[in-house]
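> take a look and give me a structure for this.
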Amino acid sequence: MAGWLGAESKPCRLPSVPLTASRLDIAAAVAHVSAADPQMAAFIERAGQLEERPREGDAFASLARAIVYQQLAGRAAAAIHRRTVEAIGGLMTAQAVLATPYEQLREAGLSGAKAASLLDLATKSSDGTVPLHELPGLEDDEIIRRLVQVRGIGRWTAEMFLLFELVRPDVWPVDDLGVRHGWSLIHSMAEMIKPRALAAEGDRFRPQRSLVARYCWQAVHIQRAGSAAAGTGAG
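Numbering: from 1, shown residues only. Now for the predicted structure:
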């Protein structure tokens, strides 16, 4: 069944979307977030503009990459991902994955669970369970509902896909440790905020919660960079 993915050898390209919104849109989002929270406003002023994060540009390739990278350090994950792409013929498509024997995927370095997850993603994207071409037209909650049917894709992975690949403006991943940590740093909290409390805090930032999440991650990045610099100086 080729209906959901188009021609057999073609990747599932997502519609062209800017890496970020226009400057005017970003300015409006920052203004909205800053007006809702003075402490967040002060941090945004200190942190400055966020760096661009490039999109994969292909729904299947993006989700497959997320599966491969789970619970692995960057270099190891990149090496296994590269070998996996080579093993299936150089192009990450559902058809290429399905045409590759399971043992060959394992030989590329994938664990048994990840090989099974990649095959499940390929199967479900081919049979219409996860209609990748239709995802940009669906609401966030519906996209998450579809994606979590794939083995190895949980809510967090689906949220990262929404935030960074589809560039959705109102994603609020309250279970993400980095977002919780960053929020707590920005607001000078003695203990890390709990997911339920963070969910409630996010309501006032609708519909721009993705921006808040990214600044929470930035707070953690700045703290770690400062700690590393202090450690180097102490040596």
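> give the contact list for the residue nearest the centre of the chain.
The centre of the chain sits closest to M160, judged by Cα atoms, centre = their mean, with a distance of 2.3 Å. With contacts defined as Cβ atoms under 8 Å, 6 or more residues apart in numbering, the neighbours of M160 are A66, P173. Quick note: C-beta positions are derived from backbone N, CA and C, even for glycine.
> adjust the sequence numbering to begin at 163 for everything that follows.
Let's use 163 as the start, then, which means that last one is M322.
> just the element for the nearest residue to I250 once chain neighbours are set aside, please.
Nearest residue to I250, sequence neighbours excluded (Cβ to Cβ, 6 or more residues apart in numbering): A258, at 4.2 Å. When elements are assigned from DSSP states H and E, A258 belongs to helix 256-260.
> look up how far Q233 lies from the residue nearest to I250.
Counting by Cβ to Cβ, to the nearest Å, the gap from A258 to Q233 is 24 Å.
> return the helix or strand in the protein with minimum mean pLDDT.
Between all helices and strands in the chain, the lowest mean by mean pLDDT, DSSP states H and E belongs to helix 371-396, at a mean of 87.
> give me the helices and strands touching the host helix or strand of R358, please.
Per DSSP H and E, R358 falls inside helix 357-364. Helix 357-364 is packed against helix 339-348, with contacts defined by 3 or more Cβ pairs under 8 Å, 6 or more residues apart in numbering; DSSP states H and E.
> tell me how this protein divides into domains.
What automatic domain parsing lists as the domains of the chain is 194-212+334-396, 221-327.
> looking at these, which is buried most?
Most buried of these by mean neighbour count (mean count of other Cβ atoms under 10 Å) is domain 221-327; its value is a mean of 18.
> how far does it sit from the chain's center?
12 Å (Cα atoms, centre = their mean, to the nearest Å).
> and it, end to end?
8 Å (Cα to Cα, to the nearest Å).
> what are the boundaries of the helices in this structure?
All helices of the chain, identified by DSSP state H, fall at 185-198, 200-209, 221-231, 236-249, 256-260, 264-269, 274-289, 302-309, 317-322, 339-348, 357-364, 371-396.
> between the ones you listed, which gets nearest to V329?
Nearest of the helices of the chain to V329, taken as Cβ to Cβ: helix 371-396 at 8.1 Å.
> helices and strands around the closest one, which ones?
helix 185-198, helix 200-209, helix 339-348.
> quick one on the thing from earlier: distance of the residue nearest to I250 relative to P293?
Where P293 is concerned, A258 sits at a distance of 19 Å (Cβ to Cβ).
> go on, H343?
Counting by Cβ to Cβ, the gap from H343 to P293 is 35 Å.
> do L225 as well
Applying Cβ to Cβ to L225 and P293 gives a distance of 13 Å.
> what score does L176 have for pLDDT?
The model reports L176 with a pLDDT of 53.
> now swap in L181 and tell me
According to the prediction, L181 has pLDDT 39.
> circling back to that earlier point, adding mean pLDDT and distance to A392, write the helices and strands packed on helix 371-396 out as CSV.
Shown next, in CSV, are those (pLDDT from 0 to 100; distance: least, Cβ to Cβ, whole Å):
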stretch, mean pLDDT, distance to A392
helix 185-198, 90, 29
helix 200-209, 98, 18
helix 339-348, 98, 16
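> mind checking which of those helices is nearest L297?
Closest to L297 of these, according to Cβ to Cβ: helix 185-198, at 21.5 Å.
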